[in-house]
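Student: 3D, please:
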Amino acid sequence: MNDSINEKEIQKKVRREAFKRNWLLFRQSTLGMIGLGIVFFFFILAILQPILFLTGAWNEAVYHPVVGYEEIKVNLLVVECPDEYPTEKYESSNACPGDGEITQRQIYNPNINPEVGDIHVALLQPSPPSARHLLGTDSLGRDIFSQIMEGSQVAFLLGLLSAIIGVSISTILGTIAAFYGGRVDAYLMRQSDLVLMLPSLPLLFIISAFAELKIWHLAIVLGVIGGLGGSVITIKSQALQVKVKPFVDSARITGGSNMTILFSHILPNVAPLALLFMVFSVTGAIASESILSFLGLLNIEMSWGIMIYLSQTDGYIFSGMAYWWLILPAGLAVTFLAGGFYLVGRGLDDVFNPRLRKR
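Tutor: The predicted structure is shown next:
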């Protein structure tokens, strides 16, 4: 009994020492630390929104990313644009009306007929960034910053869940293929080849056309497709190297069963490579969700892809930088979070790849 306790304590100590050693190696990777900082920033955004709602710092009626609304009124001077240009006030027809001005033709309410020189009170939607709305509001008066936070939650949930499912499948199948070989290996490799032949995005389009995909469904679909694909082949190659190690032969000689050798000796030694694949697969999941949301193929309330889609349908995406807060925050969020996970993967590659550490 005491020997078993001592063995467990030794194993825990070895794991702690390995974690400290790997963390020191990871900290030496500039790219990895930059990526970790980016991922941590978006993680803070993901958990900040619920905290603001629970503490009452934000009113859900105003800042809810889907149904929130706030009237933002602005006083505009009613002007009449001249027939000929330039004038002292306007250089060309594009300059009239100017900032803070509106013409009588732009007032579409038949019950309101102000004269030139009057002040017209109008609703400003979408409104530009302000102290109350840091990234402005969209055409429906919803807070953009709150939508970015909501999109962060969707990205983390989808990315991590699909990555865990995919890596779990590929690790188990790759290890089994390496350990048993023969027909089992041949079947699993041909299965991976078949999945690799299928174009992933068109396949997702077809699935979305026949099924109403929510975020959980998409995570499972992406996880299964990724888990049955090329990562199985790579995991199998790593497992084959572990299979011929002396400690595996020792476990077999001492009477260890196939399941014991498989799950206690081979799987733990391919886990670092599986973790690396998991981090990289998050990037693909975030990009896939953004594309499907932009095309309107997902049944979710709010995400970064939906934000870009709404900007496009409202006609703001081709307005240049006039309404930049409707386009840039969501686009940059997708780019930076996907890039952050990629850089973390690069840092982990430096940790788990001995050849890169020597370089």
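
Student: In the chain, where's the longest helix?
Tutor: Determined from DSSP state H, the single longest helix within the chain is helix 144-180.

Student: Pull out the buried residues from that one.
Tutor: Neighbour-count burial for helix 144-180, counted by 16 or more other C-beta atoms under 10 Å, picks out 144-156, 158-167, 169-179. (C-beta placed from N, C-alpha, C; glycine too.)

Student: Please apply the same query to stretch 214-228.
Tutor: Neighbour counts over stretch 214-228 (16+ other C-beta under 10 Å) mark 215, 218-219, 221-223, 225-228 as buried.

Student: Mind giving me the packing neighbours of the helix or strand that contains residue 189?
Tutor: Under DSSP states H and E, the secondary-structure element containing residue 189 is helix 182-197. Here helix 182-197 touches helix 144-180, helix 230-243, going by 3 or more C-beta pairs under 8 Å, 6 or more residues apart in numbering; DSSP states H and E.

Student: mind running it again at 10 Å?
Tutor: For helix 182-197, the contact count by 3 or more C-beta pairs under 10 Å, 6 or more residues apart in numbering; DSSP states H and E identifies helix 144-180, helix 215-227, helix 230-243 as packing neighbours.

Student: ok, then the element right after the top strand by length along the chain?
Tutor: Taking DSSP state E as the criterion, the chain has its longest strand at strand 73-79. Following the chain from strand 73-79 toward its C-terminal end, the next helix or strand by DSSP H and E is strand 101-103.

Student: Show me which residues of that following strand are buried.
Tutor: For strand 101-103, by 16+ other C-beta under 10 Å, it's 101-102.

Student: What is it packed up against?
Tutor: For strand 101-103, the contact count by 3+ C-beta pairs under 10 Å, 6+ apart identifies strand 73-79, strand 119-123 as packing neighbours.

Student: In the stretch 251-359 of the chain, where is pLDDT below threshold?
Tutor: The model of the stretch 251-359 of the chain has pLDDT under 70 over residues 256, 353-359.

Student: For residue 103, which non-adjacent residue is closest in space?
Tutor: Here the nearest residue to residue 103 in space, its sequence neighbours aside, is residue 97; by C-beta to C-beta, 6 or more residues apart in numbering that works out to 5.4 Å.

Student: Enumerate every residue touching that neighbour.
Tutor: 76-81, 90, 103, 105-106 (C-beta atoms under 10 Å, 6 or more residues apart in numbering).

Student: Give the burial count for residue 23, as a bare number.
Tutor: 10 (other C-beta atoms under 10 Å).

Student: May I have the predicted confidence score for it?
Tutor: With respect to pLDDT, residue 23 has a value of 83.

Student: what do you get for residue 111?
Tutor: Here the pLDDT value assigned to residue 111 is 71.

Student: so where does it fall, helix or strand?
Tutor: Element membership for residue 111 (DSSP H and E) is empty, with no helix or strand holding it.

Student: hang on, the earlier thing: mind checking the pLDDT average for the longest strand of the chain?
Tutor: Per-residue pLDDT values across strand 73-79 average out to 83.

Student: Contacts for that strand next, please.
Tutor: Residues from elsewhere that reach strand 73-79 (C-beta under 10 Å, 6+ apart): 89-90, 96-104, 106-107, 114-124, 127.

Student: where's the residue lying closest to residue 261 once chain neighbours are set aside relative to residue 243, distance?
Tutor: With sequence-adjacent residues excluded and distances taken as C-beta to C-beta, 6+ apart, residue 261 is closest to residue 251, at 5.2 Å. Separation of residue 251 from residue 243 (C-beta to C-beta, to the nearest Å) stands at 11 Å.

Student: between these two, what contacts are shared?
Tutor: Going by C-beta under 10 Å, 6+ apart, residues that sit against residue 251 and also against residue 243 are 261, 265-266.

Student: Looking at neighbours, which among the residues you listed is most surrounded?
Tutor: So for those (other C-beta under 10 Å), the most neighbours sit at residue 266, 22 neighbours.

Student: helices and strands around the helix or strand hosting residue 285, which ones?
Tutor: Secondary structure assigned from DSSP H and E places residue 285 in helix 267-294. Contacts defined by 3+ C-beta pairs under 10 Å, 6+ apart place helix 267-294 against helix 30-55, helix 144-180, helix 200-210, helix 215-227, helix 230-243, helix 304-313, helix 328-352.

Student: Check which residues of that helix are buried.
Tutor: For helix 267-294, by 16+ other C-beta under 10 Å, it's 267, 269-270, 272-294.

Student: now do stretch 227-245
Tutor: Counting neighbours by 16+ other C-beta under 10 Å, the buried set in stretch 227-245 is 227-229, 231-236, 238-240, 242-243.

Student: And for stretch 315-329?
Tutor: Neighbour-count burial for stretch 315-329, with 16+ other C-beta under 10 Å as criterion, is recorded at 316-317, 323, 325-327, 329.
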